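Novice: I need the structure of the sequence given here:
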Amino acid sequence: MMTQAGDVDCVPEPGSAIGREHIASGLESLAVPGIFVSYRRDDSFYSVRLLCEHLRRWLPGEAIFLDESDIQAGDQWRTTLAQRLGEADVVLVVIGRQWISLANPETHVRRLDEPGDVVCWEITQALSSGKRVIPVLIDGAGLPTEGQLPEALKVLARIQYREIGRRNFEGDVQALARALSGTGAAVDPARWIGLVKRSLLTVPIVAAVILAVGWSNLLDQADVWFQNRITWIGDSIFDIPVPDSLRIVALPARTTETTGSSPDHSRRLELARLLDALTAFRPQAVIFDVTLEANAPDFDGPLASAVAAARNAGVRTVFGFKDLDPSGNPLIADRLRDSGAELGVVCVGDRRGGGSNVAFATLALLRGGRAQPSLSLLAAHDLRRVHLDGLSDASGEVQVDGQRPIPVSLTQTFDVQSPTCPARGPGTSMVRFIPHISNRENLRQDPGAPGVVTKAAPIRYSPDELRRLSPGTENPFRDKIVLVGIEQSRDLLYTPLDLSAPRTGFEFQADAIGALLSQRAVRPISVLGHAVSVLLLAAAAGIIRLAGLGSSPWRLRFWLGLALAGYLGVAVSAYRGFDSLWRPVLPMLAFVATWTALGRFERR
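Specialist: Numbers count the residues shown, from 1 in each chain. Purely as a prediction, here's the structure:
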């Protein structure tokens, strides 16, 4: 007589016709039986066999009892079941899609609701004896609710389960093995060796494909984006102060300079008075980040005289230029050219164009077989110590007497005329370097600003502050390099460090001069170094994937994210500590591609 689900007696009746297809069992008979697997044969027989085969690989030292293979002919199977269930430490309740609904074909009563159902009896015995019971969901089955279970089994719905999926079968089995025996789950040697062999093929293939994609320049913009973030993090967190040998004098812009109307040549009289005043302080050099291309007979004389006086006092004077005359010489007022002033190109480079991502300072302009030095190069070094002869598009460094060579970050060759830098015409090359960028507020500290450390921070002076100083009593300019610039809106630009507000062109020149003085010019990673980094990241993905073989998906995702974040951290450290700017896109792509490929192999 059948009873209601809540009143089912799960103990098998003597002589019951329930056969072995209703029996749940455990695993391999070793010295100390430990794991008992309960399953319903009509629900998940083949899946359970596969599960047990793989568990035996991961847990070679554990006894796994399975009725289909471990009850011998002639054994009293009920007695064997009771004995092995009593000896087991853990009971795995394997639940397939039909486990909850499978019915007796003759009576149409659910197996779980039949008196003496062996599966029900096994689970009840395990629960009542305090054994560790783990529901294992396979073939896409879900955990039964309390309402679907007999009264004696309702607690099963409240036990933490494990799921064995098809897509990550091996990983899920290993996770179950680890849950059964802590961290002592072994690795299947044959499977591990197979994945190692596939890794040895996958890593170089992925690296070669990724490098081929990189040579097509399809990912250049992505590299620019990441390089901007690397420089922003490196320069904002690890601020590099401008050398104490540099001083700044900032002149307020005049209305005509702001609006861009006709040039106000009377500014040259102010520059002459400023140069005379600075010469009295005996600086090493006075660098004017201004361009004075047109002749102005009424104003050029005093400025040329001031340049000559400074030269006689041992003070170098440098002016900027943006254009060349028909002879290929820097375009500047004739009297200033004849005064002995040095001339340096002031044009800078933008990663994307448009002045929104200025990151490249200039070492020299190459045109018509001649090399014209930059303003920053002349500011940091006497031209007599710099060797520009033989400098070409292929040069990797600029030689300077008495110090190590200046690395060339890149050389840009142009096909069209630049509207903002006419000297950069077709066929012109600009030899560039990448400076570290200072916080612009550091470049705007004046002598009276609170918290200014004059030994470490560049000091910025206005003309009024300069007039209040006396060379005999207070001399912040002796043997210094003094950069003079004009605070005009037409000379604003954005660097990777300027996310909200721009800086002036002469502030960027201050960073360029500081980089040359401190010998901290940044060198992009070489082609060989880039290829090696791609190969190393692909290999790292293979090593981490093999080390985490069979781990749960969330753990693998954690290691994936940690590895990529760690690589970016190393890239920032290389930029800050070793002045090396990496291209992270291809190496990270190689890592992800290798990780994904090996993951697919692992799931097979």
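Novice: from the chain's centroid, how far away is stretch 42-59?
Specialist: How far stretch 42-59 lies from its chain's middle: 42 Å, per CA atoms, centre = their mean, to the nearest Å.
Novice: what is the rounded mean pLDDT of it?
Specialist: Averaging pLDDT along stretch 42-59 gives 86.
Novice: list the buried residues for it?
Specialist: Of all the residues in stretch 42-59, those buried under the rule 16 or more other CB atoms under 10 Å are Asp43, Ser44, Ser47, Val48, Leu51, Cys52, His54, Leu55, Arg56, Arg57, Trp58, Leu59. Quick note: C-beta positions are derived from backbone N, CA and C, even for glycine.
Novice: again with stretch 240-257
Specialist: Within stretch 240-257, the residues that count as buried by 16+ other CB under 10 Å are 240-251, 253, 257.
Novice: for the stretch 501-604 of the chain, give me the ranges with low pLDDT.
Specialist: Applying pLDDT under 70 to the stretch 501-604 of the chain flags the ranges 549-552, 603-604.
Novice: equivalent analysis for the chain, please.
Specialist: Residues of the chain that meet the cut-off, pLDDT under 70, sit at 1-33, 68-77, 181-191, 257-262, 352-356, 445-458, 549-552, 603-604.
Novice: domains in it, by residue range?
Specialist: Domain segmentation of the chain under automatic domain parsing yields 5-186, 197-228+523-603, 241-517.
Novice: did I read that right, Leu271 in a helix?
Specialist: Yes. Read with DSSP: H, G, I helix; E, B strand; the rest coil, Leu271 is one of the residues of a helix.
Novice: just checking, it touches Phe288?
Specialist: Yes. Under the criterion of CB atoms under 8 Å, Leu271 is in contact with Phe288, at a separation of 6.6 Å.
Novice: overlap of the contact sets of these two?
Specialist: Residues touching both Leu271 and Phe288 (CB atoms under 8 Å, 6 or more residues apart in numbering) are Val484.
Novice: the more surrounded of the two?
Specialist: A side-by-side neighbour count of Leu271 and Phe288, using other CB atoms under 10 Å, places Phe288 first with 28 against 22.
Novice: that one: what secondary structure?
Specialist: Phe288 is classified as strand under three-state DSSP.
Novice: and it, how far from Val307?
Specialist: Plainly put, Phe288 is 10 Å away from Val307 if you go by CB to CB, to the nearest Å.
Novice: quick one on the thing from earlier: from the buried residues of stretch 240-257, pick the one nearest Phe591.
Specialist: Ile240 (29.8 Å; CB to CB).
Novice: my read is the closest one is in a strand, agree?
Specialist: No. Counting by three-state DSSP, Ile240 is not found in a strand; it is coil.
Novice: which residue is the nearest non-sequential neighbour of it?
Specialist: Excluding its sequence neighbours, the residue lying closest to Ile240 (CB to CB, 6 or more residues apart in numbering) is His436, at 4.6 Å.
Novice: run through the residues that contact the one you found.
Specialist: By CB under 8 Å, 6+ apart, the contact list for His436 reads Gly234, Asp235, Ile240, Asp511, Gly514, Ala515, Arg520, Val522, Asp579.
Novice: biggest separation within the residues you listed, which pair?
Specialist: Spatially, the most separated pair among these is Gly234 and Gly514, at 15.3 Å (CB to CB).
Novice: rewinding a little: now the buried residues of stretch 240-257 as JSON lines including distance to Ile481 and secondary structure?
Specialist: Shown next, in JSON lines, are the buried residues of stretch 240-257 (distance: CB to CB, whole Å; DSSP: H, G, I helix; E, B strand; the rest coil):
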{"residue": "Ile240", "distance to Ile481": "17", "secondary structure": "coil"}
{"residue": "Pro241", "distance to Ile481": "15", "secondary structure": "coil"}
{"residue": "Val242", "distance to Ile481": "10", "secondary structure": "coil"}
{"residue": "Pro243", "distance to Ile481": "9", "secondary structure": "coil"}
{"residue": "Asp244", "distance to Ile481": "10", "secondary structure": "coil"}
{"residue": "Ser245", "distance to Ile481": "6", "secondary structure": "coil"}
{"residue": "Leu246", "distance to Ile481": "5", "secondary structure": "strand"}
{"residue": "Arg247", "distance to Ile481": "7", "secondary structure": "strand"}
{"residue": "Ile248", "distance to Ile481": "10", "secondary structure": "strand"}
{"residue": "Val249", "distance to Ile481": "11", "secondary structure": "strand"}
{"residue": "Ala250", "distance to Ile481": "15", "secondary structure": "strand"}
{"residue": "Leu251", "distance to Ile481": "17", "secondary structure": "strand"}
{"residue": "Ala253", "distance to Ile481": "23", "secondary structure": "coil"}
{"residue": "Glu257", "distance to Ile481": "24", "secondary structure": "helix"}
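Novice: now the residues you listed in a markdown table, with distance to Gly328?
Specialist: A markdown table is the format used below for the buried residues of stretch 240-257 (distance: CB to CB, whole Å):
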| residue | distance to Gly328 |
| --- | --- |
| Ile240 | 36 |
| Pro241 | 38 |
| Val242 | 33 |
| Pro243 | 33 |
| Asp244 | 38 |
| Ser245 | 33 |
| Leu246 | 31 |
| Arg247 | 33 |
| Ile248 | 32 |
| Val249 | 32 |
| Ala250 | 33 |
| Leu251 | 31 |
| Ala253 | 32 |
| Glu257 | 28 |
